[in-house]
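1. Sequence plus predicted model, see below.
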Amino acid sequence: MTRRPLVAVLDYGSGNVHSAVKALDAAGADARLTSDRGLVMDADGLLVPGVGAFEAVMTALRASRGDELIDRRLAGGRPVLGICVGMQVMFERGVERGTDTEGLGEWPGTVDRLDAPVLPHMGWNTVSAGEGSSLFRGLEDERFYFVHSYGAREWDLDVQPPFPAPVLTWATHGTPFLAAVENGPLAATQFHPEKSGAAGIRLLSNWIDGLGAATL
């Protein structure tokens, strides 16, 4: 008999978390919204949601010491998935409305305003999944739901063997930007899987499958 993988949804004051919990449950996880440090560390996977401004999300993460939990999990090779601003804060810096904010620094680079005639980028868009992607397995022709005006437009991390190269997935709104990154235990999406219908549930299921369901 197998159990559903336990996924902690980090509760640090970000909005729109309940839809993420429901989507994870639908995708096959035992999802729990929590700020309990022990549960966050022991869970099979951690989802980091994020809506609003880069600076506000970083302030809330640091106030709740969520930044420490994310770093400790990744240092131990424990899976983490960031969504929307939860992806953006994984980079070194965010520049938004003239404010330059230090991010978590898991990846080099800067998140800044998209170069597009219409912002925010809101609605459904296609993505170009990177070769060997686990997140987008079986989803190569699907569309996903975006709501953002800022993003990472470059990738600067140079990974040397024997470590596997990160899988980068791109989308275009005005100019190309990173729609998703898969980099060892850390994965993230700029779009909202929980708002992306069946395709989003399938993507979350792909991530959950990678957590490795334990047997009882």
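-> Good, I have the coordinates. Numbering: from 1, shown residues only.
2. what about the spatially most central residue of the chain, which SS state?
-> Using Cα atoms, centre = their mean, the residue of the chain that lies closest to the mean C-alpha position is Gly82, 2.1 Å off. What DSSP: H, G, I helix; E, B strand; the rest coil gives for Gly82 is strand.
3. List the buried residues for stretch 11-19?
-> Using 16 or more other Cβ atoms under 10 Å as the test for burial, stretch 11-19 gives Asp11, Tyr12, Gly13, Ser14, Asn16, Val17. No exception for glycine: its C-beta is placed from N, CA and C like everyone else's.
4. Now go through these and say which are in helices.
-> Of the buried residues of stretch 11-19, the ones assigned to helices by DSSP state H are Val17.
5. What's the separation between the residue nearest to the centre of the chain and Pro5?
-> Separation of Gly82 from Pro5 (Cβ to Cβ, to the nearest Å): 18 Å.
6. Report the distance from the top strand by length along the chain to the chain centre.
-> The strand that spans the most residues within the chain, counting by DSSP state E, is strand 175-183. Put simply, strand 175-183 sits 10 Å off its chain's centre (Cα atoms, centre = their mean, to the nearest Å).
7. and the next helix or strand after it, which strands flank it?
-> Of the helices and strands lying after strand 175-183 in sequence (DSSP states H and E), the nearest is strand 186-189. Using DSSP bridges, strand 186-189 pairs in its sheet with strand 80-83 (parallel), strand 175-183 (antiparallel).
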